[in-house]
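Trainee: following is a predicted model, sequence given first.
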Amino acid sequence: MPKVGMEQIRREQVISATRRCIVEKGVLQLSIKDVAAEAGVSTGVIYHYFKNKQDILLQVLKETFRKSNDQVLQTMAPLDSSKDKLFAHLENITFVPVDNPDFFLLLINYFAQAQNNQECADIIKKFYRNLRSFISQYLQQGAEADELDPELTEQLPVILLALGLGLGMMQILDPDSFDMAKMESALKKICENSFDLSDRNK
């Protein structure tokens, strides 16, 4: 029987081990025995804290999105203007695939699961909704301050989300297809023009 007070530690240990196994082997090849060996615990310990393999996979996905969301908020919270927040967001878009490629390797695996797993699909959709809402809020500030065309604030959240996911996937699967630093510069110029256009139309 696991020691009292070890639940959070063990759960985090198993989730981290599962994440590493998914990156190395993929979801389809993953077994509880693999996770137990990676975590350095028995399969009995895993089943004490998680219902089954599916439960572990869903917890890994939730934790992955939580950490991603926390990173975005931490980076942008100190910034005041919507323009600064937008540029910081663009930096995150180009930073994550290079600094944390495992995030997108995990997403590739879970996207494949989402087609036939409603719980998985719902977690991904919730992440999408939360991120779009967050982007919309800071862009709306720019529109209210006459810094940004209001029409752009409606479409940019989806565009930015698509850019982040698309560039991340391309960087993982075909890293030589483009230069991420140049991509960041180009994206900032495009968005800079959006703010400049708003200034000219005042």
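Mentor: All right, it came through fine. Numbering: from 1, shown residues only.
Trainee: hey, which helix or strand in this structure has the poorest pLDDT?
Mentor: helix 180-200 (a mean of 78; mean pLDDT, DSSP states H and E).
Trainee: state the mean pLDDT of the longest helix seen in the chain.
Mentor: When the chain is parsed with DSSP state H, its longest helix is helix 118-144. Regarding helix 118-144, the rounded mean pLDDT is 92.
Trainee: summarise which helices and strands that helix is packed against.
Mentor: When contacts are defined as 3 or more CB pairs under 8 Å, 6 or more residues apart in numbering; DSSP states H and E, helix 118-144 sits against helix 53-76, helix 82-99, helix 101-114, helix 150-173. Any C-beta I mention is one placed from the backbone N, CA and C, and that applies to glycine too.
Trainee: again, only using 10 Å
Mentor: helix 53-76, helix 82-99, helix 101-114, helix 150-173, helix 180-200 (3 or more CB pairs under 10 Å, 6 or more residues apart in numbering; DSSP states H and E).
Trainee: sorry, back to before: pull the residues that contact the least confident helix or strand of the chain.
Mentor: 81-83, 86-87, 89-95, 97-98, 142-143, 145-150, 152, 156, 160, 163, 167-168, 170-171, 178-179 (CB atoms under 10 Å, 6 or more residues apart in numbering).
Trainee: buried subset of those residues as a ChimeraX selection?
Mentor: Command for ChimeraX that selects the buried part of these, burial taken from 16 or more other CB atoms under 10 Å:
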select :82,83,86,87,89,90,92,93,94,97,142,143,147,148,149,152,156,160,163,167,168,170,171
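Trainee: in the longest helix of the chain, what's buried?
Mentor: Under 16+ other CB under 10 Å, the buried positions of helix 118-144 are 120, 123-124, 127, 131, 134-136, 138-139, 141-143.
Trainee: closest one to residue 37 among the helices and strands packed on helix 118-144?
Mentor: helix 53-76 (14.1 Å; CB to CB).
Trainee: picking up where we left off before, let's have the buried residues of helix 118-144 in JSON lines, adding distance to residue 11.
Mentor: What follows is the buried residues of helix 118-144, written out as JSON lines (distance: CB to CB, whole Å):
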{"residue": "120", "distance to residue 11": "19"}
{"residue": "123", "distance to residue 11": "17"}
{"residue": "124", "distance to residue 11": "21"}
{"residue": "127", "distance to residue 11": "20"}
{"residue": "131", "distance to residue 11": "25"}
{"residue": "134", "distance to residue 11": "27"}
{"residue": "135", "distance to residue 11": "31"}
{"residue": "136", "distance to residue 11": "33"}
{"residue": "138", "distance to residue 11": "33"}
{"residue": "139", "distance to residue 11": "37"}
{"residue": "141", "distance to residue 11": "38"}
{"residue": "142", "distance to residue 11": "40"}
{"residue": "143", "distance to residue 11": "42"}
